[in-house]
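K.L.:
Model the following, please.
(chains A, B, C and D)
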2 protein chains.
Amino acid sequence: MSTEPRTTSDPRELLGYLLKHATAKLMAKTDEALAPFGVDGKEFGALRVLAHGEPQSQLQVARTLGVDRTTMVALLDALERRGTVTRRPDPADRRRNVVELTDAGRQTYRDASAAFAAAEAEFLEGVGPRAAAQLSRTLRALLDG
Amino acid sequence: MSTEPRTTSDPRELLGYLLKHATAKLMAKTDEALAPFGVDGKEFGALRVLAHGEPQSQLQVARTLGVDRTTMVALLDALERRGTVTRRPDPADRRRNVVELTDAGRQTYRDASAAFAAAEAEFLEGVGPRAAAQLSRTLRALLDG
DNA sequence: TATTGTTATACTCTATAACTATA
DNA sequence: TATAGTTATAGAGTATAACAATA
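P.N.:
So this is what the prediction gives:
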């Protein structure tokens, strides 16, 4: 007969704790990897959207990233200030800004992308490719359900 | 020869996106489950610590939960206001407050605990017990590494 | 009248600094 | 001199409301 309690007060046993802290650890790693390129995770996300596919309006990018359009303004302000993206009125609808990567921005994205992938790989290095793939599958299933 | 790009701009393919949104979804579910009992996730964490083991000082609870001691003040203020916990000076060291669950607080914890577990189970229902156990193992390994 | 980008504002969450009372 | 609790304050992050330009 064990004297151990059936449950403990250790928060590290809760799935919520594990998810939250795994997220934080990955974010810290990727932010650190992106820092030399002058972008944070959110900005990298925007570059990623802009690097693939057609030029888009601010609102389209915001919706893809799941952020408010007012948040997008400050984000693009920072990227534009550093010469990573350009904004110009859409000739077809002058209410919109067409946002595009500059040549320098494309290079930044390529470099940052490699660093980002390396950070993700480092985060996963302890668990092996099978468990890593299983992790993504499970998370996707949890989000779909 | 495929015309598909090797990568896409869809953020849903990134591990960081999956982790962040899985965390948010679970938090939303547990917060919703706890709401009828008048506590949020953080407060439930405090109740959980207090429900197991010896009475503790505010600082000890704060450290177990990984929050600042100034954050603990407002958290306990709310719980005390609702009659869930009591604070009294520790006779052995009057700088400290001994924090304990009231009888009502214990009942609240029991009820909230069942609701919390049900919410977690509902979150996991799409993936089966094997995948759920594997998820926890993988997350623990990622946090330890 | 509705939409896009912008600005100003407010709100949440949390941490830092300073104060008090105790040790 | 150091520690526990408290309070006031500041910072990051994000959302809401209102406004200008355009459709």
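K.L.:
and the host helix or strand of A:Thr70, what other elements does it pack with?
P.N.:
Take DSSP states H and E as the rule and A:Thr70 turns out to sit in helix A:69-81. With contacts defined as 3 or more Cβ pairs under 8 Å, 6 or more residues apart in numbering or on different chains; DSSP states H and E, helix A:69-81 has these neighbours: helix A:41-51, helix A:58-65, strand A:85-90. The way it works is simple: take the backbone N, C-alpha and C, and place the C-beta from them, glycine included.
K.L.:
Show me what from chain A comes close to DNA strand C.
P.N.:
Within chain A, the positions adjacent to DNA strand C are A:57-59, A:62, A:69-70, A:73, A:76-77, A:87, A:93, A:95-97 by Cβ under 7 Å from any atom of the strand.
K.L.:
contacts for the helix holding A:Thr70?
P.N.:
Residues outside helix A:69-81 that contact it (Cβ atoms under 8 Å, 6 or more residues apart in numbering or on different chains) are A:39, A:42-43, A:46-47, A:58-59, A:61-62, A:65, A:67, A:85-87, A:99, A:105.
K.L.:
mind running it again at 6 Å?
P.N.:
Contact with helix A:69-81 is made by A:Gln58, A:Leu59, A:Ala62, A:Val85, as judged by Cβ atoms under 6 Å, 6 or more residues apart in numbering or on different chains.
K.L.:
Which of those residues has the largest number of neighbours?
P.N.:
A:Val85 (24 neighbours; other Cβ atoms under 10 Å in any protein chain shown).
K.L.:
hey, what's it bridged with?
P.N.:
A:Leu101 (DSSP bridges).
K.L.:
which residues sit in contact with it?
P.N.:
So A:Val85 contacts A:Leu79, A:Val99, A:Leu101, A:Gly105 (Cβ under 6 Å, 6+ apart).
K.L.:
can we see that at 8 Å?
P.N.:
A:Ala46, A:Leu47, A:Leu50, A:Leu76, A:Leu79, A:Val99, A:Glu100, A:Leu101, A:Thr102, A:Gly105.
K.L.:
Can you get me a residue count around the first one?
P.N.:
Looking back up the chat, that one is A:Ala46. Around A:Ala46 there are 27 residues (other Cβ under 10 Å).
K.L.:
Does it touch A:Leu65 like I think?
P.N.:
Yes. In this structure, A:Ala46 is within contact of A:Leu65 by Cβ atoms under 8 Å, at 6.4 Å.
K.L.:
if you compare the helices and strands packed on helix A:69-81, which one is most tucked away?
P.N.:
Across those, averaging neighbours per residue (mean count of other Cβ atoms under 10 Å in any protein chain shown) puts helix A:41-51 on top, at a mean of 21.
K.L.:
So that helix, near chain B or not?
P.N.:
Yes. Helix A:41-51 is in contact with chain B by Cβ under 8 Å from any Cβ of the partner chain, via A:Gly41, A:Gly45, A:Arg48, A:Val49, A:Leu50, A:Ala51.
K.L.:
now the angle from that helix to helix A:58-65?
P.N.:
Between helix A:41-51 and helix A:58-65, the angle comes out at 110 degrees (axes from the mean of the first three to the mean of the last three Cα atoms, to 10 degrees).
K.L.:
Restricting to C-alpha, output helix A:41-51 in CSV.
P.N.:
Written as CSV, here are the backbone C-alpha positions of helix A:41-51 (Å, rounded to 0.1, in the frame of the first residue of the first chain):
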residue,chain,number,x,y,z
GLY,A,41,8.8,35.8,-34.4
LYS,A,42,5.8,37.9,-35.4
GLU,A,43,7.7,39.9,-37.9
PHE,A,44,9.2,36.6,-39.3
GLY,A,45,5.7,35.4,-39.7
ALA,A,46,4.8,38.4,-41.8
LEU,A,47,8.0,38.0,-44.0
ARG,A,48,7.0,34.3,-44.5
VAL,A,49,3.6,35.3,-45.7
LEU,A,50,5.0,37.9,-48.0
ALA,A,51,7.8,35.7,-49.3
